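[1] starting from these lines, generate the structure:
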Amino acid sequence: MKKNVLLLETIASEADTLLRENTTVHEAFQSMNPVEIAKNATIHSVVTRGKGQVNRELMDACPELEVVARCGVGLDNVDVGEATRRGIKVINAPGSNSSTIAEHALTLMLMGIRDVWNSVERVKNGDWSWRNQYSGDELRDKTLGILGMGNIGRRVAKLGDAFGMKVVYWDKFPVQSEYESCTMESVFKQADVVTVHVPLLDETKKMVGEKQLNLMKPDAWLINTARGPIIDETALLKALDSGKISGFAADVLSVEPPDSNHSLVNHPKTLITPHTGSLTSTTYRNMCVSTVQNVIAVLNGSTPDPESVFNRNELNSK
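    Here you go, the predicted model:
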């Protein structure tokens with residue numbers, strides 16, 4: 001008999017087909033109440049993406065739960081501690097979005113430093129002569145400061161190096177790298193572009209605040225493709241308004257989607273994309289399919305890719 005999966009959000013079509021061929025899927029999309037749906041079925045797995053919340057209340061409604069999975073990397077919408085306490089495997093897709101997020105970070109840098117968005121908009125409005133006042137710059141010979149030298153940070157470093165940038169970085173933990181390790185303070189002081197690639201944890205919330213922003217060069221850009229709450233947006237807005245930094249480009253905000261009158265979205269010194277960094281067709285498909293394959297392995301009693309089980313060490317030590 002097929003086991004039951006509670007699907008909180010849509011996933012890539014190939015992954016959806018694979019999941020439905022091997023399990024019985026109970027949808028709990030958008031306004032549906034997943035807890036009420038779970039109470040009427042014996043749920044063995046919950047699969048989500050970035051919005052559907054897997055919390056204690058939902059786990060209480062799924063007493064036979066074996067595995068929780070997020071088609072992606074960040075697990076801030078999954079109560080990992082509670083799942084671990086109950087002996088439930090938590091699966092994600094580590095490293096699956098490193099290249100595409102790194103590309104997105106470089107894209108934001110180029111758009112900001114070279115003033116690409118303004119150039120395109122002016123031409124579409126028939127203003128070719130705007131080239132006479134164009135003042136964009138380039139990445140070559142600039143210093144790239146990376147906060148967090150994990151999979152994505154290392155890829156960003158390689159791309160920045162290829163563009164001729166000097167790369168420096170800060171990481172909380174020792175990292176084997178060919179690039180220069182610095183204190184966080186030094187990264188903010190010397191970098192022309194600071195890019196954020198740390199996970200969202202209690203200790204990283206508002207990690208970039210007024211103190212750090214005041215260290216930056218007045219012509220520097222701040223890039224965030226990690227998570228919105230890592231940056232103190234009130235302090236950031238103040239820094240942009242006062243000219244402490246030149247610009248801010250991001251794929252994430254503290255609250256998504258933002259209000260239509262959000263101060264950062266509408267600020268003339270910002271470039272904001274709607275959390276699309278991982279949604280390229282290739283990466284989205286791959287991370288959804290690999291996640292579903294590992295969920296099916298767990299439900300069938302097979303061994304999933306060990307690296308995909310986020311809480312494997314904690315579960316093994318119980």
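[2] check Lys39 and give its pLDDT.
    Listed pLDDT for Lys39 reads 93.
[3] got a list of what it touches?
    Ala61 (Cβ atoms under 8 Å, 6 or more residues apart in numbering). To be clear about C-beta, it is placed using only N, CA and C from the backbone, and glycine gets the same treatment.
[4] so where does the residue nearest the centre of the chain fall, helix or strand?
    Centroid-nearest residue in the chain: Ala226, 4.2 Å away (criterion: Cα atoms, centre = their mean). Using DSSP states H and E, Ala226 sits within no helix or strand.
[5] can you pull the poorly scored residue ranges out of this structure?
    Along the chain, no part satisfies pLDDT under 70.
[6] on that earlier part again, how close does the residue nearest to the centre of the chain get to Val193?
    Distance, Ala226 to Val193, by Cβ to Cβ, to the nearest Å: 15 Å.
[7] ramachandran coordinates for the nearest residue to Met207 once chain neighbours are set aside?
    The shortest distance from Met207 to any non-neighbouring residue, by Cβ to Cβ, 6 or more residues apart in numbering, is to Ile230 (5.3 Å). With angles defined as degrees, to the nearest 10, Ile230 sits at phi -70, psi -20.
[8] so where do the strands sit in the chain?
    All strands of the chain, identified by DSSP state E, fall at 4-7, 24-27, 43-48, 67-70, 89-91, 143-147, 166-170, 180-181, 193-196, 221-224, 247-250, 270-272.
[9] number of residues surrounding Trp130?
    14 (other Cβ atoms under 10 Å).
[10] that one: what's it in contact with?
    Trp130 neighbours (Cβ under 8 Å, 6+ apart): 118-119, 122-123.
[11] now the buried members of these.
    Buried by 16 or more other Cβ atoms under 10 Å: 118-119, 122, out of the contacts of Trp130.
[12] out of those residues, which is nearest to Ser246?
    Among the buried ones among the contacts of Trp130, Asn118 lies closest to Ser246 (Cβ to Cβ), at 13.3 Å.
[13] ok, the closest one to Trp170 distance?
    31 Å.
[14] the helices in the stretch 101-250 of the chain, which residues?
    116-124, 151-162, 184-190, 210-213, 233-242 (DSSP state H, counting those that start in this stretch).
[15] and of those helices, who's closest to Met109?
    Using Cβ to Cβ, these put helix 151-162 closest to Met109, at 8.2 Å.
[16] now do the closest one against strand 143-147, angle only.
    180 degrees (axes from the mean of the first three to the mean of the last three Cα atoms, to 10 degrees).
[17] what's the distance between Gly72 and Lys51?
    Counting by Cβ to Cβ - Gly72 and Lys51 are separated by 10 Å.
[18] of those two, which one has the most company?
    Neighbour count, other Cβ under 10 Å: between Gly72 and Lys51, Gly72 has more, with 21 against 10.
[19] shouldn't the more buried one be in contact with Ser278?
    Yes. Counting by Cβ atoms under 8 Å, Ser278 is a contact partner of Gly72 at 6.4 Å.
[20] so what sits against both of those two?
    Joint contacts of Gly72 and Ser278 (Cβ under 8 Å, 6+ apart) are 97, 287.
[21] for the closest residue to Phe163 other than its chain neighbours, which residues are in contact?
    With sequence-adjacent residues excluded and distances taken as Cβ to Cβ, 6+ apart, Phe163 is closest to Leu139, at 4.4 Å. Leu139 makes contact with 109-110, 113, 160, 163-165, 193, according to Cβ under 8 Å, 6+ apart.
[22] of the residues you listed, which is the most crowded?
    Val193 (28 neighbours).
[23] tell me what Ile231 is bridged to.
    Val208 (DSSP bridges).
[24] burial of it, as a residue count?
    For Ile231, using other Cβ under 10 Å, the count is 27.
[25] that one contacts Glu210, doesn't it?
    No. With contacts counted by Cβ under 8 Å, Ile231 stays clear of Glu210, the gap being 11.0 Å.
[26] dihedrals phi and psi, Cys182?
    The phi/psi pair for Cys182 (degrees, to the nearest 10) reads phi -140, psi 170.
[27] just checking, it touches Trp170?
    Yes. Look at Cys182 against Trp170 with Cβ under 8 Å: they come within range, at 5.7 Å.
[28] give me the common contacts of the two.
    Residues touching both Cys182 and Trp170 (Cβ under 8 Å, 6+ apart) are Gly145.
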